[in-house]
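Undergrad: Predicted structure and sequence below. I'll ask about it afterward.
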Amino acid sequence: MIKSADELLKDFLEERDTLDVNGNSLLIFHKDREIFRHYTGDVKADTLFRIFSMSKVVTVTAALQLLEQGKYTLDEPVEKYLPAFAGMKVWDAEKNEAFPAQNVMKIRHLFSMSAGICYGGDDCETARRVAAMTAEMADKYPDRSYTTREYVDKLGEIPLAFEPGTHWRYSLCHDVLGALIEVWSGMSFGAYLKEHIFDPLQMKSTFFRCPEDQWDRIASSKGSLRGDAGYASASRYESGGGGLLSTLDDYMKFANTLTRGGTSADGVRILGRKTIDLMSMDELNADQKKDFNWDYLHGYSYGLGVRTMVEPVKGGIPGSVGEFGWCGVMGTWVLMDPSEELTVVYMHQRMPNLEKYVQEHLRQMIYGMLI
């Protein structure tokens, strides 16, 4: 007998020996109706996950709210609002020296990860300096007390890896957007998110710092490269790129609202439909697309802070042009497909996160279950 779509999905989730996770969960909405929900292992309905880069989708939504209010335009220079980014330099690896940038870093470049900023690492001078600066901030503030603006202003002192607008590189760009949200709104980043996204959507279990009496709700991880200690209860600052904790249901409230065009099923509007269309449009030029080459994102390009499907055939999945979303480094993933009225949220905690295996298999099965 051929198994049903529900049975196939449950079988996949229950293969925890293959996935090597302590537990996982999947929630699917279709046309505002819950059509699938399943938990395995130690995961429950109220489990808190470190969603890491799925925070980015929340951050760009908040920034786009302020775009709708006329607080800025996408092609304005970042330095207009963050003086620390005035007079930026670009590192020349051949000459081992930094030179004044020829291109202006625009706000658009932050959304599209094309500003020349890096994460900390060891593959270029910029990444090494970001890593050193982050370590210095951690030593200076062992109680995790520094602010988004303090961190981002230090980032502005570091030479860029390339001229703004010339390449795509996954980076701290959306952390800089978090600081801009503070400038435009006059509020702390976390307070803005709470007032304008979390409270309106009744996302009561989404925050940067987990209350101490709820630490036992945080999902345990497996195979972590750095251990659980660093991810216990809080990001070091209110990081727009990766600092939030959330639950499966909370994130679904947010994601399904975007799928629906920015207004929730309860009538709460957080963003306009045309603004979401803009978010999910292909933002990359031909040269930038060469950098956007992750092996589980064939067929996708990048919009204003989200992956966006442009060639389903190339991606090898029965998906839709315009499907958008993102994922997190420890195994969280969101898919939003307005044309099919489909929203998917998956969560586990593991490093390496097996994102290629999980996302490619789930996409096939989920689209295959639609009638």
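TA: Yep, it's here. Numbers count the residues shown, from 1 in each chain.
Undergrad: In contact with the nearest residue to residue 198 once chain neighbours are set aside, which residues?
TA: Of all residues not flanking residue 198 in the chain, residue 206 sits nearest, at 5.3 Å (Cβ to Cβ, 6 or more residues apart in numbering). Using the backbone N, CA and C atoms, a C-beta is placed for each residue, glycine as well. Neighbouring residues of residue 206 by Cβ atoms under 8 Å, 6 or more residues apart in numbering: 198, 244, 245, 246, 247, 250, 251, 254.
Undergrad: Enumerate every residue touching residue 340.
TA: By Cβ under 8 Å, 6+ apart, the contact list for residue 340 reads 30, 320, 323, 370.
Undergrad: Tell me if the second one really is in a strand.
TA: Same thing as residue 320. No: under the criterion used here (DSSP: H, G, I helix; E, B strand; the rest coil), residue 320 is coil, not part of a strand.
Undergrad: before we move on, back to that, closest one of the contacts of residue 340 to residue 351?
TA: Using Cβ to Cβ, residue 323 is the member of those that sits closest to residue 351, with 25.9 Å.
Undergrad: Phi first, then psi, for the residue lying closest to residue 282 once chain neighbours are set aside.
TA: Excluding its sequence neighbours, the residue lying closest to residue 282 (Cβ to Cβ, 6+ apart) is residue 301, at 4.4 Å. In terms of degrees, to the nearest 10, the main-chain angles of residue 301 are phi -120, psi -160.
Undergrad: coming back round to it: check the contacts of residue 206 and tell me the two furthest apart.
TA: 245 and 254 (13.4 Å).
Undergrad: gap between residue 369 and residue 145?
TA: Distance, residue 369 to residue 145, using Cβ to Cβ, to the nearest Å: 47 Å.
Undergrad: picking up where we left off before, ranking the contacts of residue 340 by neighbours, who comes first?
TA: Greatest neighbour count in those, by other Cβ atoms under 10 Å, goes to residue 323: 28 neighbours.
Undergrad: I figured it was touching residue 308, is that so?
TA: Yes: at 7.4 Å, residue 323 counts as touching residue 308 under the criterion of Cβ atoms under 8 Å.
Undergrad: the strands in the stretch 51-200 of the chain, which residues?
TA: 89-92, 97-100 (DSSP state E, counting those that start in this stretch).
Undergrad: out of the ones you listed, deepest packed?
TA: Of all the strands of the stretch 51-200 of the chain, strand 89-92 has the most neighbours on average by mean count of other Cβ atoms under 10 Å, namely a mean of 17.
Undergrad: Does anything pack onto that strand? Which helices or strands?
TA: strand 97-100 (3 or more Cβ pairs under 8 Å, 6 or more residues apart in numbering; DSSP states H and E).
Undergrad: can you give me how far the strand it packs on is from the chain middle?
TA: Distance, stretch centre to chain centre, for strand 97-100: 31 Å (Cα atoms, centre = their mean, to the nearest Å).
Undergrad: what pairs with that strand, and is each one parallel or antiparallel?
TA: Strand 97-100 pairs in its sheet with strand 89-92 (antiparallel), by DSSP bridges.
Undergrad: Run through this structure and note the low-pLDDT ranges.
TA: Within the chain, the segments meeting pLDDT under 70 span 1, 144, 223-235.
Undergrad: The residue nearest to residue 282 and residue 40, how far apart?
TA: 33 Å.
Undergrad: Show the end-to-end separation of stretch 107-120, please.
TA: 21 Å (Cα to Cα, to the nearest Å).
Undergrad: quick one: buried residues of that stretch?
TA: Using 16 or more other Cβ atoms under 10 Å as the test for burial, stretch 107-120 gives 107-120.
Undergrad: so of these, which ones are in helices?
TA: 107, 108, 109, 110, 111 (DSSP state H).
Undergrad: Without its sequence neighbours, what residue ends up closest to the second one?
TA: The spatially closest residue to residue 108, leaving aside those adjacent along the chain, is residue 74, at 4.1 Å (Cβ to Cβ, 6+ apart).
Undergrad: cool, the last one as well?
TA: Taking Cβ to Cβ, 6+ apart, and ignoring the residues beside it in sequence, residue 111 has residue 304 as its nearest neighbour in space, at 4.1 Å.
Undergrad: Am I right that that neighbour is in a strand?
TA: No: counting by three-state DSSP, one finds residue 304 to be coil, located in no strand.
Undergrad: measure residue 216 to residue 263 for me?
TA: 35 Å.
Undergrad: neighbour-wise, which of those two wins?
TA: Using other Cβ under 10 Å, the more surrounded residue of residue 216 and residue 263 is residue 263, with 15 against 7.
Undergrad: what's near enough to touch the more buried one?
TA: Residue 263 neighbours (Cβ under 8 Å, 6+ apart): 257, 269, 270.
Undergrad: Check whether residue 63 really touches residue 175, as I assumed.
TA: No: contact criterion Cβ under 8 Å: residue 63 and residue 175 do not qualify, at 11.8 Å.
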